[in-house]
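Colleague: output the structure for:
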Amino acid sequence: MLTSVFSKLTKYGLFVIVLFLEIASYACGDEFCYVDSECSYNSNSHERFLLYDVNPPEGFNLRRDVYMRFAILAHKLKHSEHENLQHFKLVLPPWSHLYHWKYTPVAEQIPWGLYFDLQSIKMYAPVIEMYEFFQAMNRTSAVVIDEVYVLQHFKDMFETGNFKNKMQIEECAENYQINYFFYKNLTSHNVKCLSYHGPATKLSQLLQKSSAKVILLHHAEVALHEMFGNKLYWECRRSMRFSTKLRDIAAQFRRKFLNSTDKADNTILPEKWQDEKSKRDAKGGPYLSAHIRRQDFLRGRSHQVPTIESIAQQIIKLLEKLNLTQVFIATDASEDEYKNLVEKIPHNYKTIKYVPSNGVKIKYKNGGVAIIEQIICSYARHFVGTHESTFSFRIQEEREILGFPVATTFNSFCKNGDDCPQPSIWKIVH
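Modeller: Below you'll find the predicted structure:
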């Protein structure tokens, strides 16, 4: 009977069933809830909500960095002496419409809980998912955001070299299009452009003067870190643990293909990030890991991107130096480029790449696959990345948290294999 029912479905009807199954996969769980799930959020009349959005072309790893700037702001608001600031909740923008994600549906709104351990994050900052925001605002009706501020740089800042911290409502430098996270039930009738220079934490001055319940900051990437690399920065960064399920997938891959386990590699972390201690004795799995950025870097940074031949030679030298026989590759290179690289590395070395199953691709999308690759890279005996790539930056941070020696972490491929710029060394601070 079920077969006959399916045979009579129209193409549209089948699409509805597929959509239902996809939504159902985000049902309530230990880590996250989807916007259409049956989870409930307990709000109170004093709560205020701070939403932020990022320039659409920005990638996954830069967006993670922008989150940190505003999580630190939310952390400070929670502990502010001003009561009207203590009630702010930072609303996590869903992952959607990222230009460089190939097999993620364009219109899909992905909650943070699919990728990160929300309980860990909430131990640092008062954050909520977008579905919780809609529940608090009565999501059955349209939500009108009280105040929207489009952050923009001061017109003459770069010409004059005047980088003094300041903010001012000014005429919009361009006609901004606000997509409101691609939700049709979000809008605002009060949009202003805010010329801004300074750390995100200084925006507390704007929030304190406002009585609005809901505020959106558009182009949030304009706001900077208050202090990059200090203790507060690293507390926030350490709280951003990946979801247990993604960590498990990476751990299974390491164990099966790379002979790598936390116990053998001395990379066991305490259950809570608050209990982490300063250490430099992580050994790592018996493999070299390499992040090789191609695609957009080939177009925009050709002056610093090495050839496949050069990359292969640098990998071989490192394997010989480290007395290792296997290398894990994380790359956005084309299949032809990757095959070319493998062919140039002698067969006595094993070249390994993570290839996600269809199930992983469907459930975790590009963001989840990228995180799995980053985790595997993070646990290697030695890491070499791509200069100025945020993907490599995030791996370096993970390795600092795990407690690797500095020399095994802050390394980049060279253009010609000679002297070349290496990444800045940002050591963890506990």
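Colleague: from memory His153 sits against Ala223, does it?
Modeller: No: counting by C-beta atoms under 8 Å, His153 stays clear of Ala223, with 10.9 Å between them. Just so you know, the C-beta spots here come from the backbone N, C-alpha and C atoms, and that holds for glycine as well.
Colleague: can I assume Lys89 is in contact with His46?
Modeller: No: counting by C-beta under 8 Å, Lys89 stays clear of His46, with 10.7 Å between them.
Colleague: of these two, who's got more company?
Modeller: When Lys89 and His46 are compared for neighbours, Lys89 comes out ahead with 22 against 10, by other C-beta atoms under 10 Å.
Colleague: would that one count as being in a strand?
Modeller: Yes: assessed by DSSP: H, G, I helix; E, B strand; the rest coil, Lys89 belongs to a strand.
Colleague: low-confidence regions, the stretch 251-400 of the chain specifically.
Modeller: The stretch 251-400 of the chain contains no residues with pLDDT under 70.
Colleague: can you give me the helices in the stretch 251-400 of the chain?
Modeller: 262-265, 295-300, 308-322, 335-344, 358-378, 390-402 (DSSP state H, counting those that start in this stretch).
Colleague: format these as a markdown table; extra columns: distance to His100 and mean neighbour count.
Modeller: Below are these laid out as a markdown table (distance: least, C-beta to C-beta, whole Å; neighbours: other C-beta atoms under 10 Å):
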| stretch | distance to His100 | mean neighbour count |
| --- | --- | --- |
| helix 262-265 | 31 | 14 |
| helix 295-300 | 7 | 13 |
| helix 308-322 | 21 | 17 |
| helix 335-344 | 17 | 15 |
| helix 358-378 | 8 | 20 |
| helix 390-402 | 11 | 23 |
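Colleague: which helix or which strand is home to Leu207?
Modeller: Leu207 belongs to helix 204-209 when assigned by DSSP states H and E.
Colleague: which helices and strands sit right next to that helix?
Modeller: Helices and strands touching helix 204-209, as assessed by 3 or more C-beta pairs under 8 Å, 6 or more residues apart in numbering; DSSP states H and E, comprise helix 60-78, helix 83-86.
Colleague: for Lys263, which of the ones you listed is the nearest?
Modeller: helix 60-78 (28.6 Å; C-beta to C-beta).
Colleague: chain center to the closest one: distance?
Modeller: 11 Å (C-alpha atoms, centre = their mean, to the nearest Å).
Colleague: the inter-axis angle of it versus helix 358-378?
Modeller: 80 degrees (axes from the mean of the first three to the mean of the last three C-alpha atoms, to 10 degrees).
Colleague: name the helices or strands packed onto helix 60-78?
Modeller: Checking 3+ C-beta pairs under 8 Å, 6+ apart, helix 60-78 ends up next to strand 48-52, helix 83-86, strand 88-92, helix 204-209, helix 231-239, helix 358-378, helix 390-402.
Colleague: distance of the residue nearest in space to the middle of the chain from Met123?
Modeller: Most central in the chain under C-alpha atoms, centre = their mean is Arg64, positioned 3.5 Å from the mean C-alpha point. Using C-beta to C-beta, to the nearest Å, Arg64 is found at 17 Å from Met123.
Colleague: with adjacent residues omitted, what lies nearest to Tyr354?
Modeller: Nearest residue to Tyr354 in three dimensions, chain neighbours excluded: Glu373, at 5.4 Å (C-beta to C-beta, 6 or more residues apart in numbering).
Colleague: so that neighbour is in contact with Ile329, correct?
Modeller: No: contact criterion C-beta under 8 Å: Glu373 and Ile329 do not qualify, at 9.0 Å.
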